[in-house]
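my questions are about this predicted structure, shown below with the sequence.
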Amino acid sequence: AQSVTQLGSHVSVSEGALVLLRCNYSSSVPPYLFWYVQYPNQGLQLLLKYTSAATLVKGINGFEAEFKKSETPFHLTKPSAHMSDAAEYFCAVSVNAGGTSYGKLTFGQGTILTVHP
Amino acid sequence: NAGVTQTPKFRILKIGQSMTLQCTQDMNHNYMYWYRQDPGMGLKLIYYSVGAGITDKGEVPNGYNVSRSTTEDFPLRLELAAPSQTSVYFCASSSRTRSNTQYFGPGTRLTVL
């Protein structure tokens, strides 16, 4: 079984400040971890994914996340926020999609990021 | 390469009406999914398909039906619309790889009055 908890439904930062969006996951087997971003009135766009390669995962728009084995956080960070980063962010976890498994993707509840000038 | 497309973008239904939400992908993906998104609730899986002719229920299937006659198309059917089905619906697809990266359509915003 797998689960995801995003800490904080709303995060507000100033332009140029550090962005930290928190996500804790649990999985009974080695997971695949994702962050998706949703801009207003749009679908979800893949921001980054961890698939057991490098533990520091770099995504689009300067975002990154670090996977630490045996720890549960998979927080999303960006050193300097930009106004265009304002969106809703979703953390998600999946397990091996091989064989007959369809690789269920379990989402967190989402965090709305607001960026102030 | 359009990716995942959904129609319509918006729809208002009366209680008891029926409709079909269309989803098409042009990436030759085996897996396809339907989610609903409600404020503060994240995305909930309604139905999924691992290939043409094979579908199964997700977390919240009640009130919905699906079919998968081709690799490209995965329509979602609402038979008797209820206010509880007011939501934003997303279709997604993925290839049969170990990481199961899912790609999403732009969504359909449905209101049932």
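It's in.

count of residues packed around A:N61?
Residues near A:N61, counting by other Cβ atoms under 10 Å in any protein chain shown, number 13. (C-beta placed from N, C-alpha, C; glycine too.)

OK, contacts around it?
Going by Cβ atoms under 8 Å, 6 or more residues apart in numbering or on different chains, A:N61 touches A:47, A:78, A:82, A:84-85.

ok, now B:L113?
Per Cβ under 8 Å, 6+ apart, neighbours of B:L113: B:12-15, B:83.

and which of those is nearest to chain A?
When those are ranked by distance to chain A (Cβ to the nearest Cβ), B:I12 comes first, at 16.4 Å.

where does the closest one fall, secondary structure wise?
In the assignment (DSSP states H and E), B:I12 maps to strand B:10-13.

if you rank the contacts of A:N61 by neighbours, which is first?
Neighbour counts for the contacts of A:N61 peak at A:L47, which has 22 neighbours (criterion: other Cβ under 10 Å).

send me the helix or strand where that residue lies as CSV with only the CA atoms.
With secondary structure defined by DSSP H and E, A:L47 is part of strand A:44-50. Below are the C-alpha coordinates for strand A:44-50, written out as CSV (Å, rounded to 0.1, in the frame of the first residue of the first chain):
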residue,chain,number,x,y,z
LEU,A,44,-1.4,18.6,-14.6
GLN,A,45,2.1,18.9,-15.9
LEU,A,46,5.0,16.7,-14.8
LEU,A,47,7.5,18.8,-12.9
LEU,A,48,10.0,16.1,-11.9
LYS,A,49,10.2,12.4,-11.1
TYR,A,50,12.4,10.1,-9.0
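
what's the following helix or strand after that strand?
Moving toward the C-terminus from strand A:44-50, the first helix or strand encountered (DSSP H and E) is strand A:56-58.

which neighbours in the sheet does that next one have, and how are they oriented?
Under the criterion DSSP bridges, strand A:56-58 sits next to strand A:64-66 (antiparallel) in its sheet.
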